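Peer 1: Turn this into a model:
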Amino acid sequence: MTQPIKLPFYAKLACILISLISFAYIFCIAKDVITPVLMAFLFAVLLLPIFSFLNTRLKFPRHLAAIICVLTFAAFIIGILVFISYEVTDMANDFDTIKKNANAFIVDIHKFIKDNFNVSIGEQKKYIDNVTKDSVKNGNATIGSALISITDLLLDCTIIPIYTFLFLIYKDHFILFLAKLINKENHSALKDILSQIKVSINNYIVGLLLEMTTVAVLTSLGLWIIGVKYFILLGLITGILNLIPYIGIFIAGIITVLASLTGTGETSIILGILIVNIIVQLIDNNLLVPLIINSKVEINAFVSIIGIIIGGAAAGISGMFLAIPLLAMLKIIFDRIESMEAWGYLMGNHVPRKFTWRVRKAKIES
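Peer 2: You can find the predicted model right below:
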């Protein structure tokens, strides 16, 4: 029987860092392939209980059960998109009102800047014209990037359901592959890791849906109180965009402000929208996220923020969305490998109230 090789700490640290950097580099250069696969994996784990119920309890064939799961999930997403598109079409009928109120609002902004910052309206318009000219010069590149992004999105929307279907079909095949990679004496640990990953991802996605629903309801209620038209649509959009860390709520705020111009261009309404968004975000960040999200994945805020930033830099919005579940999977693996347990603790949200060094004092011989 071969004995395991014991490496010094610096050698272990170097191997860990080299491995992490290698995985990150592979992800960056192959993100267009890996990102849809990871998204499909998350959806497959979410649909796994339904698949197991159809296949095991109701005795549906595996292929039929997987097709029903994917079609049900797709129908849910399409239903939300149809509702949003219907409401947006209705909102487009108020375009003339939006244009009128937007002009009135811009005039108020010009007057406010002139009165408080001593910048004439002519100078403001001159600056806006310069910015507009620069935007026109870069317009072709922007349009090209937008078309590429739309093409990639359509491709992902086509291929992710296919990947999800295949993950459900070949679930046992992949598990057997992992079992063949690991020694039989470690199969119990592998089973525990896979079980915990499934529970963690399910809890995380369900928590996201609960957070999205709560944010949508609170935002809709706040917008209804201050008298904003299409408050249900805007609340739903805010809840969905809130899934995108950092920039999602900012985009939702801009959309809400523009939509509010269908009714009136008064500054008080726009100020009310900003107050509603701030209050909802305070509730979300200080109550919903700790109770619903952090309690599900057990990742501390420091590691979460770093992971989201790295994910965004590597793969944009998709990377930001995938960061938390991937970190949760890493923590589960680290917690169950003795040599990596310290890294799992570092990622966790358990903070000791007090730490005292226990140093044994050497006995002084008389």
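
Peer 1: list the contacts for Phe43?
Peer 2: Contacts here follow CB atoms under 8 Å, 6 or more residues apart in numbering; on that basis Phe43 touches Phe73, Ile160, Thr164. For the C-beta atoms, the positions are set from N, CA and C on the backbone; glycine is no exception.

Peer 1: Okay, helices next: where are they in the chain?
Peer 2: With DSSP state H applied, the chain shows helices at 9-29, 31-52, 62-92, 95-117, 121-137, 139-169, 171-181, 187-226, 231-241, 247-260, 267-283, 295-297, 301-335, 341-347, listed in chain order.

Peer 1: Closest one of the contacts of Phe43 to Ser200?
Peer 2: Sorting these by how near they are to Ser200, with CB to CB, puts Thr164 at the top with 18.5 Å.

Peer 1: Give the burial count for the closest one, as a bare number.
Peer 2: Thr164 has 25 neighbouring residues, counting by other CB atoms under 10 Å.

Peer 1: and what of Glu338?
Peer 2: Neighbouring residues of Glu338 were enumerated by other CB under 10 Å; the total is 7.

Peer 1: distance of it from Asn186?
Peer 2: Relative to Asn186, Glu338 is positioned 11 Å away (CB to CB, to the nearest Å).

Peer 1: Just list the residues touching the most centrally placed residue in the chain, thanks.
Peer 2: A centroid search over the chain (CA atoms, centre = their mean) returns Phe321, at 2.7 Å, as the residue closest to the centre. With contact taken as CB under 8 Å, 6+ apart, Phe321 is in contact with Met39, Leu243, Ile244, Gly311.

Peer 1: Just the buried residues out of those, in PyMOL syntax.
Peer 2: Selecting only the buried entries of the contacts of Phe321 in PyMOL, with 16 or more other CB atoms under 10 Å as the criterion:
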select buried, resi 39+244+311
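
Peer 1: Ramachandran angles for Val228?
Peer 2: As for Val228, its main-chain torsions (degrees, to the nearest 10) stand at phi -90, psi 130.

Peer 1: Skipping its backbone neighbours, what lies nearest it in space?
Peer 2: If you skip the residues right next to it in sequence, Val228 has Ser260 as its closest partner in space, 5.1 Å away by CB to CB, 6 or more residues apart in numbering.

Peer 1: Next: Gly348.
Peer 2: Nearest non-adjacent residue to Gly348, counting by CB to CB, 6+ apart: Glu298, 5.6 Å away.

Peer 1: quick one: contacts for the one you found?
Peer 2: Remark: with contacts taken as CB under 8 Å, 6+ apart, Glu298 is in contact with Ala328, Lys331, Gly348, Asn349, His350.

Peer 1: again, but for Ile283
Peer 2: Counted by CB under 8 Å, 6+ apart, Ile283 has contacts Leu218.

Peer 1: if we go to 10 Å?
Peer 2: With contacts defined as CB atoms under 10 Å, 6 or more residues apart in numbering, Ile283 is in contact with Thr214, Val215, Leu218, Val289.

Peer 1: One more: Ile68?
Peer 2: By CB under 10 Å, 6+ apart, Ile68 lies in contact with Leu47, Ile50, Phe51, Leu54, Asn55, Leu58, Phe60.

Peer 1: will you turn these into JSON lines that also has pLDDT, neighbour count and distance to Leu181?
Peer 2: Output for these, formatted as JSON lines (pLDDT from 0 to 100; neighbours: other CB atoms under 10 Å; distance: CB to CB, whole Å):
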{"residue": "Leu47", "pLDDT": "90", "neighbour count": "22", "distance to Leu181": "25"}
{"residue": "Ile50", "pLDDT": "90", "neighbour count": "16", "distance to Leu181": "28"}
{"residue": "Phe51", "pLDDT": "92", "neighbour count": "21", "distance to Leu181": "24"}
{"residue": "Leu54", "pLDDT": "91", "neighbour count": "19", "distance to Leu181": "29"}
{"residue": "Asn55", "pLDDT": "90", "neighbour count": "20", "distance to Leu181": "25"}
{"residue": "Leu58", "pLDDT": "88", "neighbour count": "10", "distance to Leu181": "33"}
{"residue": "Phe60", "pLDDT": "91", "neighbour count": "16", "distance to Leu181": "31"}
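
Peer 1: Which pair of those residues spans the longest distance?
Peer 2: Pairwise distances among the contacts of Ile68 were taken by CB to CB; the largest, 15.0 Å, belongs to Leu47 and Leu58.

Peer 1: Check the helices of the chain for me and report the most buried one.
Peer 2: Ranked by mean neighbour count, the helices of the chain are led by helix 231-241 with a mean of 22 (mean count of other CB atoms under 10 Å).

Peer 1: C-alpha coordinates for that one, CSV please?
Peer 2: As requested, the backbone C-alpha atoms of helix 231-241 are provided in CSV (Å, rounded to 0.1, in the frame of the first residue of the first chain):
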residue,chain,number,x,y,z
PHE,A,231,-46.5,49.6,-10.9
ILE,A,232,-47.0,45.8,-11.2
LEU,A,233,-44.8,45.6,-14.3
LEU,A,234,-42.1,47.8,-12.8
GLY,A,235,-42.1,45.9,-9.6
LEU,A,236,-41.7,42.6,-11.5
ILE,A,237,-38.8,44.1,-13.6
THR,A,238,-37.1,45.4,-10.4
GLY,A,239,-37.4,41.9,-8.8
ILE,A,240,-35.9,40.2,-11.8
LEU,A,241,-33.1,42.7,-12.3
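
Peer 1: Thanks again, I'm all set now.
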